[in-house]
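A.B. asks: sharing a model that was predicted from the sequence below.
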Amino acid sequence: MANEITAEEINKHDATLLKDIDDALANCMKCGNCQAGCPIYRETRKEFSVARGKISLMQAILSGKLEITKEFDSMMAQCLTCKTCAANCPCGVKADELILRGRHATIKARGLNPIKKTVFSLLSNRPLFNTVLRMGGMFGWLTFKDIPDKNAVLSRLPMPGMDPNRATAPLASTPLRAEYPPVIKVDNPRYKVAFFTGCTINFMYTDMGKAVIEVLKENGHEVILPGAQHCCGTPVHVSGAFELANEMAKHNIEVFERYECDYIVGACGSCVEALLDYPKWLEDEPDWAARAQNIADKVREISQFLVETGYKTDNLGAINKTVTMHDPCHMVRGIHVTEQPREILKSIPGLNFVEMKEHDRCCGSGGSFSLAHYELSRQINDRKCENIKATNADYVCASCPSCRMHITDGIVQNKMPQVVYHPIQLLAESYKLGKQK
Amino acid sequence: MEKDQLIAEMKKIVGEENVLHSKEALYAYSYDATPGHIYMPDVVVSPGNVQEVSAIMKFANEHKIPVYPRGSGTNLSAGTAPLKGGIVLLMLRFNKILDLDLENLIAEVEVGVVVQDINDYVAPHGLIYPPDPGTVKTASLGGTICENSGGLRGLKYGITKNYVQGLEVVLANGDIIHTGGKNVKDVSGYDMTKLFTGSEGTLGIVTKAYLKLVPKPEAQASMIAVFNTLEDAGNAVSDIIAAKIIPATMEILDNSSIRTVEDFMHVGLPTDAAAILLLEVDGHPVIVADEKEKVLEVLKKNNAAEVTLAKSPEHKEQLWTARRMALPCLAKLRPTTFVEDATVPRSKLTQFLKIVTKAAKDYNVTIGTFGHAGDGNMHPTIVCDLRDKEEMERVHKAMDVIFRGAVELGGTLSGEHGIGLGKLPWMELQHGKEGMNAMKAIKRALDPNLILNPGKLIGEC
Ligand SMILES: Cc1cc2nc3c(=O)[nH]c(=O)nc-3n(C[C@H](O)[C@H](O)[C@H](O)COP(=O)(O)OP(=O)(O)OC[C@H]3O[C@@H](n4cnc5c(N)ncnc54)[C@H](O)[C@@H]3O)c2cc1C
Ligand code: SF4
Ligand code: SF4
Ligand code: SF4
């Protein structure tokens, strides 16, 4: 694995990449329909915030009318990768993916700036990466913008655990994977299920990870927790450093190939989408793409897995609360899983499910976006909070740790009473209550 | 004037944060939804109130700097393209619905509000604002007023100009004027409201409008009819009107559009049909039931091969897929899409569609036509690749035949998208020299320094 990515190395693919972009960009008819749904445009109402604007800017670069500058860079950064534009584009333009190409082009043109170089070489070194993450540095560094004070950013993001009054430290004292053996055995397992934890669940929301493990055990599955698994690569991929992201993908493929398992589950829509997209990321390397496909075939989001293979509902305890659900962008428009988490929530006795308005509208988090553009992502999130408020729910469910973090922050800022969970946490809780009876 | 000085002056008027001038930002305002028109402005300014607009206009007028008002930039006639550099005046900060007067059924709305948001705002009161262009979820009120936009409900409910009762306008010299108002009847002076409606940003900057609202119709009946010849479809349209029924919607798709939609969507459309008509009658339930029967009769009489009635709102949505997806599916065929909007008297519909089909064949270009049959407002949609010069020549020749054909049939170049730059070359053909001179005289009277959206609509003057 490369320790450092140089501009020359990245430049290798230049010619082909530019041509690719040209045709894909030309398919945008500039109708402006993407203005209607783009959460960022809705707040800024500036043309360069919307897909049409970013596509035009890329075309200007390609035609030589503009050059790649810091300003271009910051405009490309104004995207949550929420895919709303792509889902509603009459021409079928996948603007979110093209914007990533634009970020990639930026890296190629400017090389990596010194800070990024440090972070990225760190990222490609897993043990060191994990150590640094445990020290709490990464989430501020992964953005294009210079973050004025990363600690200030981190301290803005309160992360309550199950108890809403107990605000835990931003990073769990012990990462999830350090708390469990690599294989959690059960008698006569139904399936052998490998758990791709992803970094947010491993380092921050270990409660979500524990719930996944408990639920899998409860349903008679053996749980495999490969210790050497790495970040899925999404933050790196969306920043445009495709080559490095691909290295991380290859690492994860190698790790999961080592275990004999029937399924690989994840509890974060973005991680799952990344694993499913590895074949596409690696399409220029057919051998790797084939290996990636073998892995992808086994990948399921946890609720998808439970509904597909069946899960116990006869021993569930009642949770007498009202719950509403937010559809994370990568769940609804990435992997198209929206029914399964609802089915799980609705199967819990006593739990009253109410749909919120605009439940599939982006919460404004967008991974590192909320760190670099905090004010803007707050505005987007306030709209989400209003919709949550209108349901009078006790709980909000979201199958994504980033959404959980961002919505929690919004709820705290707006002084609202709700608590945010992953749907699987409520299922785990219900199994637990069932046993107490 | 030096660019830096211009930027500094603008910052003084609207504040630093409302002035954009980086090369990248300027590029993002160099185009609109019209293919092939990219021109760089010098500065993009977002005023927040009418006084600021006035100050900007005074300054621009004094220094003869071109000004291009812009809403959402979704127009299809290069109406916002900054042809000669200068100031793009972004009106989106005018984003408030100021008042809803339920006694007079008038909404007072700033021009930066998106049209759908007006509808969402008045819907709880059982009211609608009828003009609903295809871009209803994106277009600004100001843009629709200045393009005089129409929509699917145009046949029965009319177009934007029928709902604009009064305006607040800033003139080229910075003067602020108020036209019309809440009075349903008003013959005091020239009808300035109508003059500014559809003026494409060439006569003044609109900042606020009084809009007429109407009660939401209580009931609807929708249906779709398939025809084997264009003549039958055209006759059905005329006969329905002759039967004194004004459907809210009467839309047509030609064979090429039908096939394209079916190729992409697989919804079971009859790919060998010459045309499909989509109809909706609305109003009081008793009248709707009666009109529905009459329409069915007319359709049958004109040899409709198949008629399907919508059983539920969901079923209607399903039937409407063909119309809704016509443009998107055509647009997917090729990179560049020209959505034209030549319009002919209703009775000439069939003849016009034949001209379009022949032009497509003669010049070997791909054209799908759909549109508002009841208004005679067609959208011959030409899909091509702007990067292919030879193809573009053929496209322009086909366009020429289509526009000339429309005008010869007593029609017009544009039913709703406006002239802008795109259709300028054919303006004299339709209006004659004298007609053009009269329009130019109005322009010169209101904008003597020719700073407002120069070169558009009437060309150089
Ligand atoms: C996919 C698609 C479908 C469409 N369907 C329809 C349709 O069904 N019916 C229809 O009529 N049109 C249609 N259009 C055209 C377009 O949506 C309309 O013309 C719309 O009204 C433009 O609104 P806008 O806010 O984008 O205006 P802009 O494009 O920003 O501006 C339009 C014109 O108005 C001027 N202008 C804007 N604001 C002001 C102001 N405050 N004061 C003075 N001048 C101003 C501009 O200078 C420009 O000349 C369609 C366009 C697309 C891309
Ligand atoms: S990205 Fe799609 S929706 Fe947006 S302007 Fe281009 S074609 Fe239209
Ligand atoms: S992916 Fe989301 S944030 Fe990015 S341009 Fe599209 S709609 Fe806007
Ligand atoms: S998507 Fe987010 S949480 Fe999941 S592995 Fe990647 S970075 Fe970590």
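C.D. replies: Right, received. Where do you want to start? Ligands and ions are numbered 1, 2, ... in the order given.
A.B. asks: list the buried ones in the lowest-mean-pLDDT helix or strand in chain B?
C.D. replies: In chain B, no helix or strand scores lower on mean pLDDT, DSSP states H and E than helix B:313-333, which sits at a mean of 88. Neighbour counts using 16 or more other C-beta atoms under 10 Å in any protein chain shown place B:316, B:319-320, B:322-333 of helix B:313-333 among the buried residues. (Each C-beta comes from the backbone N, C-alpha and C, glycine too.)
A.B. asks: which SSE is B:I367 in?
C.D. replies: strand B:366-372 (DSSP states H and E).
A.B. asks: chain center to that strand: distance?
C.D. replies: Mean-position distance between strand B:366-372 and its chain equals 16 Å (C-alpha atoms, centre = their mean, to the nearest Å).
A.B. asks: pull the contacting residues for the residue in the stretch 51-200 of chain B that ligand 3 sits nearest to.
C.D. replies: Going by C-beta to the nearest ligand atom, ligand 3 is nearest to B:T138 of the stretch 51-200 of chain B, at 12.8 Å. Counting by C-beta atoms under 8 Å, 6 or more residues apart in numbering or on different chains, B:T138 touches A:G32, A:N33, A:Q35, A:A36, B:S72, B:T74, B:V114.
A.B. asks: check contacts around residue 436.
C.D. replies: Unless you meant another one, I'm taking chain A. Going by C-beta under 8 Å, 6+ apart, A:Q436 touches A:G317.
A.B. asks: ah, I was thinking of chain B
C.D. replies: The neighbourhood of B:M436, defined by C-beta under 8 Å, 6+ apart, consists of B:M427, B:E428, B:I458.
A.B. asks: and the buried ones among these, selectable in ChimeraX?
C.D. replies: A single ChimeraX command selects the buried members of the contacts of B:M436 (16+ other C-beta under 10 Å):
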select /B:427,458
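A.B. asks: filter the contacts of B:M436 down to the ones in helices?
C.D. replies: Members of those lying in helices (criterion: DSSP state H): B:M427, B:E428.
A.B. asks: span of stretch B:87-96 from start to end?
C.D. replies: One end of stretch B:87-96 to the other measures 23 Å (C-alpha to C-alpha, to the nearest Å).
A.B. asks: quick one: residues in contact with it.
C.D. replies: Residues contacting stretch B:87-96 (C-beta under 8 Å, 6+ apart): A:45, B:6, B:10, B:18, B:29, B:41-48, B:53, B:56, B:60, B:65-72, B:80, B:82, B:109-113, B:140, B:142, B:205, B:207-208.
A.B. asks: and the strand holding B:I367, what does it pack onto?
C.D. replies: The contact analysis (3 or more C-beta pairs under 8 Å, 6 or more residues apart in numbering or on different chains; DSSP states H and E) places strand B:366-372 against strand B:249-254, helix B:255-265, helix B:313-333, helix B:349-362, strand B:377-384.
A.B. asks: out of these, which is closest to chain A?
C.D. replies: Closest of those to chain A is helix B:313-333, at 3.3 Å (criterion: C-beta to the nearest C-beta).
A.B. asks: name the next helix or strand downstream of that closest one, please.
C.D. replies: Counting by DSSP H and E, the next helix or strand C-terminal to helix B:313-333 is strand B:336-339.
A.B. asks: and that next one, anywhere near ligand 2?
C.D. replies: No: residues of strand B:336-339 are not located near ligand 2 by C-beta under 6 Å from any ligand atom, the shortest gap being 9.0 Å.
A.B. asks: that strand pairs with which strands?
C.D. replies: According to DSSP bridges, strand B:336-339 forms sheet pairs with strand B:377-384 (antiparallel).
A.B. asks: the strand it pairs with: what's the following helix or strand?
C.D. replies: Of the helices and strands lying after strand B:377-384 in sequence (DSSP H and E), the nearest is helix B:389-408.
A.B. asks: next, the buried residues of that following helix.
C.D. replies: Buried, per 16+ other C-beta under 10 Å, within helix B:389-408: B:391-392, B:394-395, B:398-399, B:401-407.
A.B. asks: could I have that helix exported to PDB, CA atoms only?
C.D. replies: Extracted C-alpha coordinates of helix B:389-408, given in PDB (Å, rounded to 0.1, in the frame of the first residue of the first chain):
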ATOM      1  CA  LYS B 389     -21.300  21.500 -35.900                       C
ATOM      2  CA  GLU B 390     -22.700  19.800 -38.900                       C
ATOM      3  CA  GLU B 391     -25.700  18.400 -37.000                       C
ATOM      4  CA  MET B 392     -26.400  21.900 -35.500                       C
ATOM      5  CA  GLU B 393     -26.600  23.400 -39.000                       C
ATOM      6  CA  ARG B 394     -29.300  20.900 -39.900                       C
ATOM      7  CA  VAL B 395     -31.100  21.600 -36.600                       C
ATOM      8  CA  HIS B 396     -31.200  25.300 -37.400                       C
ATOM      9  CA  LYS B 397     -32.600  24.600 -40.800                       C
ATOM     10  CA  ALA B 398     -35.300  22.500 -39.300                       C
ATOM     11  CA  MET B 399     -36.100  25.200 -36.700                       C
ATOM     12  CA  ASP B 400     -36.300  27.700 -39.500                       C
ATOM     13  CA  VAL B 401     -38.900  25.600 -41.300                       C
ATOM     14  CA  ILE B 402     -40.900  25.100 -38.100                       C
ATOM     15  CA  PHE B 403     -41.000  28.800 -37.200                       C
ATOM     16  CA  ARG B 404     -41.900  29.900 -40.700                       C
ATOM     17  CA  GLY B 405     -44.500  27.200 -40.800                       C
ATOM     18  CA  ALA B 406     -46.100  28.400 -37.600                       C
ATOM     19  CA  VAL B 407     -46.100  32.000 -38.600                       C
ATOM     20  CA  GLU B 408     -47.600  31.100 -42.000                       C
END
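A.B. asks: pLDDT on it, on average?
C.D. replies: Taken as a whole, helix B:389-408 has an average pLDDT of 96.
A.B. asks: what of stretch A:389-408?
C.D. replies: Averaging pLDDT along stretch A:389-408 gives 89.
A.B. asks: now, the contacts of stretch B:87-96 that are in strands?
C.D. replies: Within the contacts of stretch B:87-96, residues falling in strands by DSSP state E are B:V43, B:V44, B:V45, B:V67, B:Y68, B:P69, B:R70, B:V109, B:E110, B:I205, B:T207, B:K208.
A.B. asks: was I right to think the last one contacts B:L167?
C.D. replies: Yes: applying C-beta atoms under 8 Å as the test, B:K208 and B:L167 come out as touching, 7.0 Å apart.
A.B. asks: the two - which one has more neighbours?
C.D. replies: B:L167 (25 against 19; other C-beta atoms under 10 Å in any protein chain shown).
A.B. asks: contacts only, for that one.
C.D. replies: For B:L167, the contacting residues are B:I145, B:H178, B:T179, B:G180, B:M192, B:T193, B:F196, B:T197, B:V206, B:K208, B:A209, B:Y210, by C-beta under 8 Å, 6+ apart.
A.B. asks: at 6 Å instead, please
C.D. replies: By C-beta atoms under 6 Å, 6 or more residues apart in numbering or on different chains, the residues touching B:L167 are B:T179, B:T193, B:F196, B:V206, B:A209.
A.B. asks: mean confidence for the helix or strand harbouring the second one?
C.D. replies: The reference is to B:T193. Taking DSSP H and E as the definition, B:T193 sits inside helix B:192-196. Averaged over helix B:192-196, pLDDT sits at 97.
A.B. asks: can you list contacts of it?
C.D. replies: B:K161, B:V164, B:L167, B:V169, B:T179, B:G180, B:L203, B:G204.
A.B. asks: any idea how far the first one is from ligand 2?
C.D. replies: Computed with C-beta to the nearest ligand atom, to the nearest Å, the distance linking B:K161 and ligand 2 is 27 Å.
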